[in-house]
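Q: Next comes the sequence, and after it the predicted model I'd like to discuss.
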Amino acid sequence: MTLPSDLLEAARSAMNNAHAPYSNFKVGAALLTADGQIFSGCNVENASFGLTICAERNAIFSAITAGAKDFSDMVIISTGSALPYPCGACRQVLVEFCTTEFKIHVVAENNLEVIEELTLGELLPKRFTL
Ligand code: THU
């Protein structure tokens, strides 16, 4: 699948709104639904560090809040040059709502030519379920 440029743009725009004064590491995530809607999120840090929320969780919580259900892709972009793989907590939150085929595209702001695509099943092969 070709990455829709508006999904990348939504992630980049969210990244630019990140509140990251403590790490100086901005992250943006944009989630695509099966019917073409886009929901985005950025990391929001707090002086009480443990209250920080990642971009990916903000994106999916925003989508769930709006009533969206079927998700196909997520783009994650960050400042810097390293690819921003989602943290373990975000992977577990994604498996609550997405299939193992859900695609995650990671890209770094300083190296936009390299976009790695992974499935959620690859990123979290043994998910916790109840
Ligand atoms: N962060 C994310 O937004 N997503 C991740 O998957 C990993 C980390 C944020 C949290 C914090 O604001 C900053 O990156 C440094 O950890």
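A: Received it, and whenever you're ready, just let me know what you need. What you see is a predicted model, and the numbers here were worked out from it, not measured in a lab. Residues are numbered from 1 along each chain as shown.
Q: how many other residues sit next to the nearest residue to P21 once chain neighbours are set aside?
A: Distances taken as C-beta to C-beta, 6 or more residues apart in numbering put E45 closest to P21, at 6.6 Å, once the chain neighbours are dropped. Yep, even glycine has a C-beta here, placed from its N, CA and C like the rest. Neighbour count of E45, defined by other C-beta atoms under 10 Å: 19.
Q: Quick check: which element contains E113?
A: Secondary structure from DSSP states H and E places E113 in strand 111-119.
Q: And the contacts of that strand?
A: Under the contact criterion C-beta atoms under 8 Å, 6 or more residues apart in numbering, strand 111-119 has outside partners 3, 81, 83, 85, 100-108.
Q: Out of these, which end up buried?
A: Among the contacts of strand 111-119, those scoring as buried are L83, F102, K103, I104, H105, V106, V107, A108 (criterion: 16 or more other C-beta atoms under 10 Å).
Q: List the ones among those residues that fall in strands.
A: Applying DSSP state E to the buried ones among the contacts of strand 111-119, the entries found in strands are K103, I104, H105, V106, V107, A108.
Q: which of those residues lies closest to L124?
A: Distance to L124, by C-beta to C-beta, is smallest for I104 among those, at 10.2 Å.
Q: so who does the closest one touch?
A: D73, M74, I76, P86, L94, E117, L118, T119, L120, L123.
Q: mind running it again at 7 Å?
A: Going by C-beta atoms under 7 Å, 6 or more residues apart in numbering, I104 touches M74, I76, P86, L118, L120, L123.
Q: Rebuild those residues as JSON lines, extending it with distance to the ligand and pLDDT.
A: Below are the contacts of I104 laid out as JSON lines (distance: C-beta to the nearest ligand atom, whole Å; pLDDT from 0 to 100):
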{"residue": "M74", "distance to the ligand": "11", "pLDDT": "98"}
{"residue": "I76", "distance to the ligand": "7", "pLDDT": "98"}
{"residue": "P86", "distance to the ligand": "4", "pLDDT": "98"}
{"residue": "L118", "distance to the ligand": "13", "pLDDT": "98"}
{"residue": "L120", "distance to the ligand": "13", "pLDDT": "98"}
{"residue": "L123", "distance to the ligand": "11", "pLDDT": "98"}
